[in-house]
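1. Just need the structure, nothing else, for what follows:
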Amino acid sequence: MYKKNVRCKDFIDLSDFTTDDIKGFLNLAHEMKKSPDDFRDSLKGKTLGMIFNKHSTRTRISFETGIYQLGGAGLYFGPGQLQLDRGEPISDTARVLSRYLDGIMIRTFSHDDVKNLAKFGSIPVINGLTDYSHPCQVMADLQTMQEKFGMKLDGLNFTYIGDGNNMAVSLLQGCIKMGMNVALISPKDYTIMKSAVDEMRPEAEEKGCKILLTDNIEEGMQGAHAVYTDVWASMGQEDESAKRMKAFEGYTVNNKMMSWADKDAIFMHCLPAHRGEEVEAEVIDGPQSVIFDEAENRLHAQKAVMYSLMR
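-> Below you'll find the model as predicted:
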């Protein structure tokens, strides 16, 4: 069985880990997918608390199923079900939950909430999504790319088109860690935050990876091995939907755009998707799409994270 060998107590951002750490998670995820019975009792008697302040399909089901398949139990706390919503400090919540649980997964708005849970708690904290990053999704994405292109992703070209949101941040972190070139295509007012790029640029330069920020779709799509998009208005941005629809006009991924990518390129999306907005049905439901492989791999990648942190 695998030993706990990651450097961090918590799973908050992919930038916190070394390339070897991430490859270790991924190797374990592949093994768990191949031989799930080998890990059935690996977290027997362990309990994961799952805090959800945002709606969820894939995150909730994959974590609940994942902890169960590892022999543990998951406790779901939806919006308004904890005293946090009545003013209890997150520092107190972290200390109390650390007395009851073996791990916490939180899907919320504020990234600081996740960091403070980790700071004041003594048990592992897993970032199930914040407005800043979504590392669990990207672990599944990296696993999917390894299934399609082989275990070594070094030198492959990854293109993201859309809002420079939490997905863009975690994809940049994860792809650079794996030695990939990254192109991020966004309208000028919706590009990824500068601090996220600045954080990863030294490692990109050390690895010889290129980072391209552009609003030129054809430029960013050239030679892409993986093309990724996300919704234009994330949860909490619903009041901006009309404004964003106008700003992202022309950024809908279609077959013409995919023709600028590598001939064997795959199309990726974290889901849920809005066909006809960020992507046309001809692409997301076409032969290049791997969206349901990504969705399945949420289960395996997160099992690897839970196993590595909670044993």
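2. Please report the distance of the nearest residue to Ser42 once chain neighbours are set aside from Asp10.
-> Counting by CB to CB, 6 or more residues apart in numbering, Leu70 is the residue found nearest to Ser42 once chain neighbours are left out, at 5.2 Å. Glycine gets a C-beta too; all of them are placed from N, C-alpha and C. To Asp10, Leu70 is 18 Å away according to CB to CB, to the nearest Å.
3. center of the protein - which residue?
-> Gln137 (2.6 Å; CA atoms, centre = their mean).
4. So for stretch 171-178, mean pLDDT?
-> For stretch 171-178, mean pLDDT rounds to 98.
5. which parts of the helix or strand containing Leu28 are buried?
-> Element membership for Leu28 (DSSP states H and E) is helix 19-34. By 16 or more other CB atoms under 10 Å, the buried positions in helix 19-34 come out as 21-26, 28-30, 32-33.
6. Low-confidence bits of the stretch 201-311 of the chain, can you list those?
-> 235 (pLDDT under 70).
7. before we move on, back to that, ok, then the element right after the helix holding Leu28?
-> Counting by DSSP H and E, the next helix or strand C-terminal to helix 19-34 is strand 47-52.
8. What residues does Met50 make contact with?
-> The contact partners of Met50, by CB atoms under 8 Å, 6 or more residues apart in numbering, come to 60, 63-64, 74-77, 104-107, 128.
9. how long is stretch 273-283 end to end?
-> Using CA to CA, to the nearest Å, one end of stretch 273-283 lies 12 Å from the other.
10. so how far is that stretch off the chain centroid?
-> Computed by CA atoms, centre = their mean, to the nearest Å, the chain-centroid distance of stretch 273-283 equals 20 Å.
11. from the chain's centre, how far out does the longest helix along the chain sit?
-> The longest helix of the chain (DSSP state H) is helix 291-310. Mean-position distance between helix 291-310 and its chain equals 10 Å (CA atoms, centre = their mean).
12. Surely Ile123 is in a strand?
-> No: counting by DSSP: H, G, I helix; E, B strand; the rest coil, Ile123 is not found in a strand; it is coil.
13. neighbours around the residue nearest to it when sequence neighbours are not counted, how many?
-> Of all residues not flanking Ile123 in the chain, Ser98 sits nearest, at 4.8 Å (CB to CB, 6+ apart). Using other CB atoms under 10 Å, Ser98 is surrounded by 19 other residues.
14. Tell me, what's the model's pLDDT at Ser98?
-> At Ser98, the pLDDT value in this model is 98.
15. That one: what's it in contact with?
-> With CB under 8 Å, 6+ apart, Ser98 has these contacts: 121-123.
16. Which strands or helices does the longest helix of the chain pack on?
-> Applying 3 or more CB pairs under 8 Å, 6 or more residues apart in numbering; DSSP states H and E, we find helix 291-310 packed against helix 19-34, helix 58-69, strand 103-107, strand 125-129, helix 135-149, strand 266-269.
17. rerun that using 6 Å as the cut-off
-> When contacts are defined as 3 or more CB pairs under 6 Å, 6 or more residues apart in numbering; DSSP states H and E, helix 291-310 sits against helix 19-34, helix 58-69, helix 135-149.
18. possible to save these as TSV with mean pLDDT and distance to Met310?
-> Output for the helices and strands packed on helix 291-310, formatted as TSV (pLDDT from 0 to 100; distance: least, CB to CB, whole Å):
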stretch	mean pLDDT	distance to Met310
helix 19-34	98	13
helix 58-69	98	9
helix 135-149	98	14
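19. Pretty sure Ala204 sits against Cys175.
-> No: checked against CB atoms under 6 Å, the pair Ala204 and Cys175 is beyond contact range at 9.3 Å.
20. more crowded one of those two?
-> When Ala204 and Cys175 are compared for neighbours, Cys175 comes out ahead with 28 against 20, by other CB under 10 Å.
21. about what we covered before: pipe the helices and strands packed on helix 291-310 into a markdown table and attach distance to Asn165 per row.
-> Output for the helices and strands packed on helix 291-310, formatted as a markdown table (distance: least, CB to CB, whole Å):
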| stretch | distance to Asn165 |
| --- | --- |
| helix 19-34 | 21 |
| helix 58-69 | 16 |
| helix 135-149 | 12 |
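22. Tell me which of those lies nearest to Lys115.
-> Among those, the nearest to Lys115 by CB to CB is helix 135-149 (13.0 Å).
23. got the buried residues for that closest one?
-> 135-147.
24. ok and that helix relative to helix 291-310, angle-wise?
-> Computed with axes from the mean of the first three to the mean of the last three CA atoms, to 10 degrees, the direction of helix 135-149 lies at 120 degrees from that of helix 291-310.
25. Can you tell me what sits against the very next helix or strand once past helix 135-149?
-> Moving toward the C-terminus from helix 135-149, the first helix or strand encountered (DSSP H and E) is strand 157-161. Here strand 157-161 makes contact (CB atoms under 6 Å, 6 or more residues apart in numbering) with 168, 171, 175, 180-185, 220-221, 223-229.
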